[in-house]
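Colleague: sequence and predicted structure are below.
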Number of protein chains: 2
Amino acid sequence: MELANYLVERQTQVEDALTRFIALDGIPSELLPLRLVDAMRYSLLGGGKRLRPILTLAAAEAIQPDRAMDAMPFACAMECIHTYSLIHDDLPAMDDDDLRRGRPTNHVQFDEATAILAGDALLTLAFELCGRTPEHVPTGIVLKLVTLLSQAAGVSGMVGGQMLDLQAEHQSITLAQLKTIHGSKTGALIRCSCEAGARIAGGDTQQVASLSAYGTWLGLAFQIRDDLLDVLGDTQKLGKPIGSDEKNDKATYPKFLGLDGAKQAAEQAVTQALECLENFPGQRAEPLRELAR
Amino acid sequence: MELANYLVERQTQVEDALTRFIALDGIPSELLPLRLVDAMRYSLLGGGKRLRPILTLAAAEAIQPDRAMDAMPFACAMECIHTYSLIHDDLPAMDDDDLRRGRPTNHVQFDEATAILAGDALLTLAFELCGRTPEHVPTGIVLKLVTLLSQAAGVSGMVGGQMLDLQAEHQSITLAQLKTIHGSKTGALIRCSCEAGARIAGGDTQQVASLSAYGTWLGLAFQIRDDLLDVLGDTQKLGKPIGSDEKNDKATYPKFLGLDGAKQAAEQAVTQALECLENFPGQRAEPLRELAR
């Protein structure tokens, strides 16, 4: 298969769906604060790889290809969560970044109050989108998605990881602590994307566990690669200034393992991710395999 | 009935349940960022009237007294949403308040980054709590609660109302616009508290509609009273400086209607709320009646 074509096709589907959901049809226009909706759209539709929603769709596809589209509302929920976290992380009180995906960050383009509220609204919208899962998906599964998402995004997941990450600045931490931070800050959401896709498509316990584990390894590989890009990449490709981890005195995998060691760790994580897909022979899991590679 | 005793009893039950839920048992302690959990607890367990959760319990009670406790997880979810909104509203970029319920606001006690994340975590926890509704409540109803909550708290509800409220500062708005702002900023959540309680206890369509309408009127009465307290009250009773609306040049009901006019409007809203309870004879709806009075 051609991964690039697959990604473009899925990105287009995700962006069409996001555009539809963020149109907020059915809400009386006098109730819609336009500036807030503009700020939500600015960040949600402002580019990005759409990795998390694509993982959800690809995981559903690995179980049952004709059920992939059932996972679209949840896939978009994952992107809402990811986008809200970027808006809040970029705030002056947090990472204080002015540039994101090559454009001014939300609070620079609008203002701090609007950016805080746009993040809050996108986080809330994510849970509304869970409820838009097609009705033929059993309600018990949809309710389980709500729990999965809240745990992955909450105090023991992404938000907690961001707190640990902020606390770790200007402190010396161990490699184990770094793994904990990234496992919750970015790993939990990626794992959730994969597990949810498997559940929506009706995966059995074993399949759900395998795709969840795949997500854990992929998340680790993704984070190490992100750290490496911050050292090696260029601003244009990354959409943010390179060297910002160094500037902020952040602990990273290259700092602990060296450049070669970090590259090796990323490769090992990819190998582990691929092993989780061993019971998914044939074409169905090929997108997940290609994504890991 | 003795309303004061009822409120104290319910407040105690709610606070016990909140304390249990915020203990975050079952999460490995190395994954818990203590500072963040402290900040969540500081605001969630730092007093407050617990009006929204008590409304949820009282609405469930009006339908079926022995089902009231089924509504406790959702009742606590409402308090998480309310608390997160206070933390974010108090931030320097928003209302910039230093005092809340007689204590330093969250960002003063901790710091801005922690306050933003504590709000995010409480918002997320609210949806996790929806999923803790007892299993004998049909999953279809629980999923409906998630949708209700996300709509009441989101861009067309509370968050949207806060945005409209910020935009209205230093601008001249009409009474109709003020009603829209408060209807979404505070009204949507109060209505949701009542409607959800009715649904959890198995209310039929008519009962759910009546208690939802009760919530709408009660929310209006509550907001007018809040505006009046800002003019007439004292700092100790209010837990925040009086006259802050005046200071921030905010549109309020007393400004539009005068003090007497605002008092009259509040009384009318109470009368309407009581009318919504006409089909709930006897003791079951007495707490809701007393709350409105």
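Modeller: Nice, I can see it.

Colleague: return the residues of the stretch 101-250 of chain A in contact with chain B.
Modeller: Listed as neighbours of chain B in the stretch 101-250 of chain A under the rule C-beta under 8 Å from any C-beta of the partner chain: A:111-114, A:116-117, A:119-121, A:123-125, A:127-128, A:130-131, A:139-140, A:142-144, A:146-147, A:149-151, A:153-156, A:159-160, A:162-164, A:166-167, A:180, A:184. From N, CA and C alone the C-beta is placed, and that goes for glycine too.

Colleague: state the distance from the residue nearest the centre of chain A to chain B.
Modeller: Geometric centre of chain A, nearest residue: A:Arg52, 4.2 Å, by C-alpha atoms, centre = their mean. To chain B, A:Arg52 is 16 Å away according to C-beta to the nearest C-beta, to the nearest Å.

Colleague: okay, strands next: where are they in the stretch 51-200 of chain A?
Modeller: A:99-100, A:103-104 (DSSP state E, counting those that start in this stretch).

Colleague: same list (these) but as a markdown table, adding distance to A:Pro254, mean pLDDT and mean neighbour count.
Modeller: Below are the strands of the stretch 51-200 of chain A laid out as a markdown table (distance: least, C-beta to C-beta, whole Å; pLDDT from 0 to 100; neighbours: other C-beta atoms under 10 Å in any protein chain shown):
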| stretch | distance to A:Pro254 | mean pLDDT | mean neighbour count |
| --- | --- | --- | --- |
| strand A:99-100 | 22 | 93 | 18 |
| strand A:103-104 | 27 | 96 | 16 |
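
Colleague: any chance of those strands in JSON lines, with distance to B:Val14 too?
Modeller: As requested, the strands of the stretch 51-200 of chain A are exported to JSON lines (distance: least, C-beta to C-beta, whole Å):
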{"stretch": "strand A:99-100", "distance to B:Val14": "40"}
{"stretch": "strand A:103-104", "distance to B:Val14": "43"}
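
Colleague: and of the ones you listed, who's closest to A:Ala176?
Modeller: Between A:Ala176 and these, the shortest gap by C-beta to C-beta is with strand A:99-100, which sits at 29.9 Å.

Colleague: hang on, isn't A:Arg132 packed against A:Asp70?
Modeller: No - if you go by C-beta atoms under 8 Å, A:Arg132 and A:Asp70 don't touch, sitting 10.9 Å apart.

Colleague: quick check: the closest residue to A:Leu44 other than its chain neighbours vs A:Leu123, distance?
Modeller: Distance criterion C-beta to C-beta, 6 or more residues apart in numbering or on different chains; nearest residue to A:Leu44, sequence neighbours excluded, is A:Thr83 at 5.0 Å. Using C-beta to C-beta, to the nearest Å, A:Thr83 is found at 9 Å from A:Leu123.

Colleague: among these two, which residue is more densely surrounded?
Modeller: Neighbour tally, A:Thr83 and A:Leu123, criterion other C-beta atoms under 10 Å in any protein chain shown: the higher count belongs to A:Leu123, 29 against 26.

Colleague: what are the ranges of the helices in the stretch 1-150 of chain A?
Modeller: For the stretch 1-150 of chain A, the helices defined by DSSP state H, counting those that start in this stretch cover A:3-21, A:34-44, A:51-63, A:72-89, A:106-109, A:112-130, A:139-153.

Colleague: pull the CA atoms of the fourth one into PDB?
Modeller: What follows is helix A:72-89 as a C-alpha-only set of coordinates in PDB (Å, rounded to 0.1, in the frame of the first residue of the first chain):
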ATOM      1  CA  MET A  72     -15.500   9.100  12.700                       C
ATOM      2  CA  PRO A  73     -17.300  11.000  15.500                       C
ATOM      3  CA  PHE A  74     -14.900   9.600  18.100                       C
ATOM      4  CA  ALA A  75     -11.900  10.200  15.800                       C
ATOM      5  CA  CYS A  76     -13.000  13.900  15.600                       C
ATOM      6  CA  ALA A  77     -13.400  13.900  19.400                       C
ATOM      7  CA  MET A  78      -9.700  12.900  19.700                       C
ATOM      8  CA  GLU A  79      -8.700  15.800  17.500                       C
ATOM      9  CA  CYS A  80     -10.700  18.200  19.600                       C
ATOM     10  CA  ILE A  81      -8.900  17.000  22.700                       C
ATOM     11  CA  HIS A  82      -5.500  17.200  21.000                       C
ATOM     12  CA  THR A  83      -6.300  20.700  19.700                       C
ATOM     13  CA  TYR A  84      -7.500  22.000  23.000                       C
ATOM     14  CA  SER A  85      -4.400  20.700  24.700                       C
ATOM     15  CA  LEU A  86      -2.200  22.600  22.200                       C
ATOM     16  CA  ILE A  87      -4.100  25.800  22.800                       C
ATOM     17  CA  HIS A  88      -3.800  25.600  26.600                       C
ATOM     18  CA  ASP A  89      -0.200  24.400  26.500                       C
END
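
Colleague: what helices or strands is that helix leaning on?
Modeller: Contact here means 3 or more C-beta pairs under 8 Å, 6 or more residues apart in numbering or on different chains; DSSP states H and E; on that basis helix A:72-89 packs against helix A:3-21, helix A:34-44, helix A:51-63, helix A:112-130, helix A:139-153, helix A:158-168, helix A:188-200, helix B:112-130.

Colleague: for the fifth one, same thing?
Modeller: Using 3+ C-beta pairs under 8 Å, 6+ apart as the contact criterion, the elements in contact with helix A:106-109 are helix A:34-44, helix A:112-130.
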